[in-house]
Each structure stands twice: as C-alpha cells, then as structure tokens.
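Q: attaching a predicted model along with its sequence, questions to come.
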Amino acid sequence: MDAATFADRLLEELRPGLAPAVLDQFGPVSQALAGAGRIACYGVGREGLMMKALAMRLHHLGLDAHVVGDMTAPPLGPGDVLLVSAGPGHFSTVAALCGVATTAGARVVCVTAEPEGAVPRAADLVLHIPAQTMAADQGAASTSILPMGSLFEALMFLVFELLVLDLRDRLGVAPEDMRARHTNLE
C-alpha cells in the first residue's frame, strides 16, 4: 500500500473512536474533572505519554493537574480525581494506584478500550474509546493497520483534545487564558 491508501484506511479506523457514543461520555467525566480539587494523571508506556499531554492541557485550563510519578505530584484525597489509562483493561501498576487513590477517598476515572477489564470495572467513571490496543494486535483480533496499540493511543490524544474543548466551555475559560498558563521556560 502507498501512503495515501494507508492514510485513508487510518481515517476510517479513527471514526468509531470519535463517534457520538464516545463523545456522549464527556458529560460525567468533564463534571468530575471540573469539580475536582486535584487531578492526578497516570498511564504506562505510550498511553502514559498521552496522559501527560492531557495533564498539561488540564493545567492550561487552570485545573490543579499533576502527573503521577513527578516529584511535585501531591497526595490525593476526598474531592480529588485519579485519571488513569488502562487500554487493555488492566495493568498491575494502574490497578495498584487506583487502590491507593480509592482508599484515600479520591474518585477514579479510567480511560480504556476494554470497559469489562478489571481496572475500569473498579473505577468510578469510565471513558470507553473503542480501538485496538496492544492486547489485541495479533491474529484474527488484529484489525488496525497501525502497530500494537497505536490506534488507541492516537484516539486518546484526539478524544482528550475534544474533552479539553468541552471542559473549556464548561469552565468558561478563554483561549487566551489557556495560553497565558503555558510555560515560558522553553
């Protein structure tokens, strides 16, 4: 296949992850994030990179957002949210952090491609993004032209940017206010 054919196929693969059924999940997730005292974001591997990108945008919105593992990440407690990614439905580190957050009284929001997985089932809220992850990238289960979990990760970025727009409107944050919170240390 040539690059144009790959691109067309990829656009077809992205559509289900941006369908109204996915976008309709934003309300409760936006409410939880908008009302949180603190938000801590976590994911592993490339999913973790997408979670860091979301944490940055949440900060730009003026929310008290952090990345788990950074030395400046505060403790969570009642009124706070742990926002995690578990594309295939379970990662042991994600499950352990969810347990800590829940014990401390924080709510857990899980982004996943497998809502029946152990981590999303234990979460308070789930944002289901239907896409192939690395857990289903071989044999008959493999449906994407992208390798491993790339389709899920790409959709995470796009869905998160749309979620940020929803939050921006919900919070009444102007684009110039977001820009003013961007670092000047680059």
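A: Yep, that arrived. Numbering: from 1, shown residues only.
Q: let me see the ranges of the helices in this protein.
A: Secondary structure of the chain by DSSP state H: the helices cover 3-14, 20-23, 26-34, 45-60, 92-103, 118-122, 150-171, 175-180.
Q: looking at those, which is nearest to residue 81?
A: Put simply, out of the helices of the chain the one that sits nearest residue 81 is helix 26-34, at 5.6 Å, with distance taken as CB to CB. No exception for glycine: its C-beta is placed from N, CA and C like everyone else's.
Q: list the buried residues for the closest one?
A: By neighbour count, with 16 or more other CB atoms under 10 Å as the criterion, the buried positions of helix 26-34 are 26, 29, 30, 32, 33.
Q: redo the helices of the chain as JSON lines? Include mean pLDDT.
A: Shown next, in JSON lines, are the helices of the chain (pLDDT from 0 to 100):
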{"stretch": "helix 3-14", "mean pLDDT": "94"}
{"stretch": "helix 20-23", "mean pLDDT": "97"}
{"stretch": "helix 26-34", "mean pLDDT": "98"}
{"stretch": "helix 45-60", "mean pLDDT": "98"}
{"stretch": "helix 92-103", "mean pLDDT": "98"}
{"stretch": "helix 118-122", "mean pLDDT": "98"}
{"stretch": "helix 150-171", "mean pLDDT": "97"}
{"stretch": "helix 175-180", "mean pLDDT": "96"}
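Q: how much space separates the residue nearest to residue 167 when sequence neighbours are not counted from residue 184?
A: When the adjacent residues along the chain are set aside, residue 167 lies closest to residue 30, with 5.2 Å between them (CB to CB, 6 or more residues apart in numbering). From residue 30 across to residue 184, the span is 28 Å (CB to CB, to the nearest Å).
Q: over to residue 32?
A: Counting by CB to CB, the gap from residue 32 to residue 184 is 31 Å.
Q: over to residue 127?
A: As defined by CB to CB, residue 127 lies at a distance of 32 Å from residue 184.
Q: comparing these two, which shows the higher neighbour count?
A: For the pair residue 127 and residue 184, the greater number of neighbours falls to residue 127 (22 against 5), based on other CB atoms under 10 Å.
Q: what is the burial count for the closest residue to residue 122 other than its chain neighbours?
A: Beyond its immediate neighbours in the sequence, the residue positioned closest to residue 122 (CB to CB, 6+ apart) is residue 98, lying 6.1 Å away. Counted with other CB under 10 Å, the neighbours of residue 98 add up to 24.
Q: doesn't residue 119 make contact with residue 98?
A: Yes. In this structure, residue 98 is within contact of residue 119 by CB atoms under 8 Å, at 6.2 Å.
Q: and the gap between residue 142 and residue 106?
A: For residue 142, the distance to residue 106 under the criterion CB to CB works out to 36 Å.
Q: and these two? Which one has more around it.
A: A side-by-side neighbour count of residue 142 and residue 106, using other CB under 10 Å, places residue 106 first with 24 against 12.
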